[in-house]
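S.K.: sharing a sequence plus its predicted fold:
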Amino acid sequence: MQWERVKEYTDIIYERAEGIARVTINRPEVHNAFRPETVAEMIDAFQHIRDDASTGVVIMRGQGNLAFCSGGDQRVRGHGGYVGGDQIPRLNVLDLQRLIRQLPKPVIAAVAGYAIGGGHVLHVCCDLTIAAENAVFGQTGPKVGSFDAGYGIALLSRLVGQKKAKEIWFLCRQYNAQEALQMGLINAVVPLDRLEEESIQWAKEILEKSPIAIRFLKAAFNADTDGAAGLQQLAGDATMLFYMTDEAKEGKNAFLEKRKPDFGKFGRLP
Ligand code: 1HA
């Protein structure tokens, strides 16, 4: 793969090749913990990916082999949130989680090493997770005085069931890749040196499929967990398709031509 850098950032790397976008958290000195700026850059990259018609799948990963992401950077945790250069305390990773969910393209987490705390919730929010054999999964919130009880609970308990999700949160244990696979937390485990290749293979298999079918399926999988916002996504996709029909165009054209629309010519299917 010939990865092309799409945009320059300080905390992340955003590249693309052959229809795949690759977003890498690039803070290996802190096991790829995120600060507000890291998250803002991720949000910017994901917004770009959303508009980029040449991209169909995203691979998210951490720099190096030791960590996918270790959650919020505890060194900049302040009063009410994580504090960046603008001195405003933020929990902006919650915005990123929603963006990953709303993105009409699948996001694959490629996890080498630790996916811990807020980093664990990020992989949970991704559509698929492929782990290297050295991957370690877990929540730390109650140990470090935090909790992410939004998607961190709702999605996790759908993946592994309530009893297991409670164990993960209440005990803050760490789980290896095989244990994670067994509990339905991830999709596959591969040797570390095959993680990249395997993630690209999965992305390529998705890229061969119908983009609109994949888009609707992702929205439908999210719809019931995400409540009205999930339905909004699904309904918005339906509107997008409807706008492509002659029936919808008749409505717009009639308005612009100041005449009564003739919807009678469009059949009603069972
Ligand atoms: O809960 C939330 C949120 C909830 C609602 C809304 C928004 C939220 C946003 C964020 C979060 C959270 O993420 S809370 C949870 C924060 N993360 C953690 O509690 C994990 C902290 N890290 C660890 O427990 C361990 O580092 C580790 C189990 C992942 C790995 O241990 P290991 O292999 O012994 O490495 P370690 O030496 O600890 O780490 C390597 C370096 O990375 C250390 O720096 P050094 O001493 O070499 O200078 C370590 O301090 C640093 N590091 C690791 N994780 C973090 C970190 N520095 C800052 N923040 C980190 N999260």
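M.R.: On my side now, so go ahead.
S.K.: can you pull the contacts of the residue nearest the centre of the chain?
M.R.: Centroid-nearest residue in the chain: Ile100, 3.2 Å away (criterion: Cα atoms, centre = their mean). Contact analysis of Ile100 by Cβ atoms under 8 Å, 6 or more residues apart in numbering lists Phe46, Met60, Val107, Leu122, Cys125, Cys126. Yep, even glycine has a C-beta here, placed from its N, CA and C like the rest.
S.K.: I figured Ile153 hits Ala165, correct?
M.R.: Yes - checked against Cβ atoms under 8 Å, the pair Ile153 and Ala165 is within contact range at 6.7 Å.
S.K.: more crowded one of these two?
M.R.: More crowded of Ile153 and Ala165, by other Cβ atoms under 10 Å: Ala165, with 22 against 19.
S.K.: just the C-alpha atoms of the helix or strand that the more buried one is a member of, please, in CSV.
M.R.: If you go by DSSP states H and E, Ala165 is part of helix 162-171. Only the C-alpha atoms of helix 162-171 are listed here, as CSV (Å, rounded to 0.1, in the frame of the first residue of the first chain):
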residue,chain,number,x,y,z
GLN,A,162,-24.5,-6.9,31.2
LYS,A,163,-22.8,-9.3,33.7
LYS,A,164,-19.5,-9.2,31.8
ALA,A,165,-19.8,-5.4,31.2
LYS,A,166,-20.3,-4.9,34.9
GLU,A,167,-17.3,-7.1,35.7
ILE,A,168,-15.2,-5.1,33.2
TRP,A,169,-16.2,-1.7,34.8
PHE,A,170,-16.4,-2.7,38.5
LEU,A,171,-13.2,-4.7,38.7
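S.K.: quick one: pLDDT of Ala149?
M.R.: Confidence at Ala149, expressed as pLDDT, is 97.
S.K.: same question, the one 10 residues further on
M.R.: The score at Leu159 is 98. That number is its pLDDT.
S.K.: for it, helix, strand, or coil?
M.R.: Secondary structure, DSSP: H, G, I helix; E, B strand; the rest coil: Leu159 is helix.
S.K.: quick one: neighbours of it, just the number.
M.R.: Neighbours of Leu159 using other Cβ under 10 Å come to 15.
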